[in-house]
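In: kindly generate the corresponding structure for this input.
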Amino acid sequence: MDFGLSPDQRAMQASIAGVLERVAPLERVRAFAESGEPVADDVWRALTDMGVSGILVDEANGGLGLGLLDAALMAETIGAHAAPSPFLGAAVLAPLALRIGSSPGQQAAWLPKLAAGEIIAGAALNEALAGGRDSGGVRAEGGRLDGETLFALDATGADILIVADQAGGLHLAETSGLEITPLATIDATRRFAKVRFERTSAEALAGGCLERLRNAAYIMLAADMLGASQTMLDKAVAYAKERQQFGRPIGAFQAVKHMCAEMAAELEPCRALVWYAAHAFDAAPAEAAVCAAHAKAHLSEVSRFIARTATEVHGGMGFTDLLGLHFWFKRVGVDRQLLGGPEQVRDHAARLQGLAA
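Out: Modelled structure (predicted):
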């Protein structure tokens, strides 16, 4: 079997990269990180104009009707640029939740707006999937939500939220009237929030959706780490060619060569791992959950190694804000823990395979 990307997929990825180089250079990423703006409207508008917001929305509702592999390629490109965008919630998790678990009426009400970029969706799944505090979590009763959830992704700029309750049910809630408090993380390229619900009206989605969203989110986070890791590796190699020491580029020294080669050797197999996990989500459902967990857990380890090693190649410059390497370093740090760290994800994979009780 010759598994690879089609010419259309490569062209799509190149087009998105070109747009992000224009609208989300390092200066724009830094400006977003330092500001309090809930959404980088210019970046998201540019991506929406490219059809990114409708990638998983069916054509009947105004989207492109593509698969999760295509979404993973976009996530990889966004991660490579550390671009501030509500991609995961608005373009992946919300459309999937509506496609899988909502009625035709709910789909007609929300999917065209998501596809057109008229509304933004956030996701509050972290406590349901990664575990939370004994006193935390969201309770659902009679079509209303109560409680509090932490680390809701892109909630500060969202119009609607996909919310997981303590029992594993999924709900769609509008954000108007909700108490949404921004939460600071080490990754300033994305927005997280604490959301409090108090008898909040919400639309229930069909059961069984949460596990499918878990798989999709694992794959998207793995793809984001893949893109970020590739950028850190590229920056390390470029710096090793430019930086002079003892009259020679530092890349000429064997120790630095080995560091760059080890990063490349660790990262290259990850590409097939992530791509196949995304392919399996649509084409091989029986394998999808295990593949998604493996991708997320493995990229969590590899991206941390590359972030550390790329910083070491840069020496003292690697820690400076001027260079900006820390944006990718911190981004993969949050990806690693979001929805469960690698140890927890491996435990989930073991349970799926009957290797743990």
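
In: what helix or strand is Ile162 located in?
Out: strand 160-164 (DSSP states H and E).

In: for that strand, name the packing helices and strands.
Out: Applying 3 or more C-beta pairs under 8 Å, 6 or more residues apart in numbering; DSSP states H and E, one finds that strand 160-164 contacts helix 94-101, strand 121-124, helix 126-130, strand 144-153, strand 170-174, strand 192-201. Heads up, the C-betas are built off the backbone N, CA and C, glycines and all.

In: in its sheet, what does it sit against?
Out: Looking at strand 160-164 with DSSP bridges, its partner strands are strand 121-124 (parallel), strand 170-174 (antiparallel).

In: about what we covered before: pick the most deeply packed of the helices and strands packed on strand 160-164.
Out: strand 121-124 (a mean of 29; mean count of other C-beta atoms under 10 Å).

In: that older thread, tell me how far the strand holding Ile162 is from the chain's mean position?
Out: Relative to the chain's own centre, strand 160-164 is displaced by 16 Å; criterion: C-alpha atoms, centre = their mean, to the nearest Å.

In: list the buried ones in that strand?
Out: Buried residues in strand 160-164, counting neighbours by 16 or more other C-beta atoms under 10 Å, are found at Ile160, Leu161, Ile162, Val163, Ala164.

In: again, but for stretch 274-291
Out: In stretch 274-291, counting by 16+ other C-beta under 10 Å, buried: Val274, Trp275, Tyr276, Ala277, Ala278, His279, Ala280, Phe281, Ala288, Ala289, Val290, Cys291.

In: same question for stretch 15-27.
Out: So, applying 16+ other C-beta under 10 Å, buried residues of stretch 15-27: Ile16, Ala17, Val19, Leu20, Val23, Ala24.

In: hang on, the earlier thing: pick the one among the buried residues of strand 160-164 closest to Val237.
Out: Ile162 (39.2 Å; C-beta to C-beta).

In: distance of that closest one from Leu323?
Out: 36 Å (C-beta to C-beta, to the nearest Å).

In: circling back to that earlier point, so which of the helices and strands packed on strand 160-164 gets nearest Glu343?
Out: Taking the helices and strands packed on strand 160-164 one by one with C-beta to C-beta, helix 126-130 is closest: 11.3 Å.

In: on the three-state scheme, Thr189 is what?
Out: coil (DSSP: H, G, I helix; E, B strand; the rest coil).

In: Arg30 is in contact with that one, correct?
Out: No. Assessed by C-beta atoms under 8 Å, Thr189 is found out of contact with Arg30, at 9.5 Å.

In: which neighbours do those two share?
Out: Phe327 (C-beta atoms under 8 Å, 6 or more residues apart in numbering).
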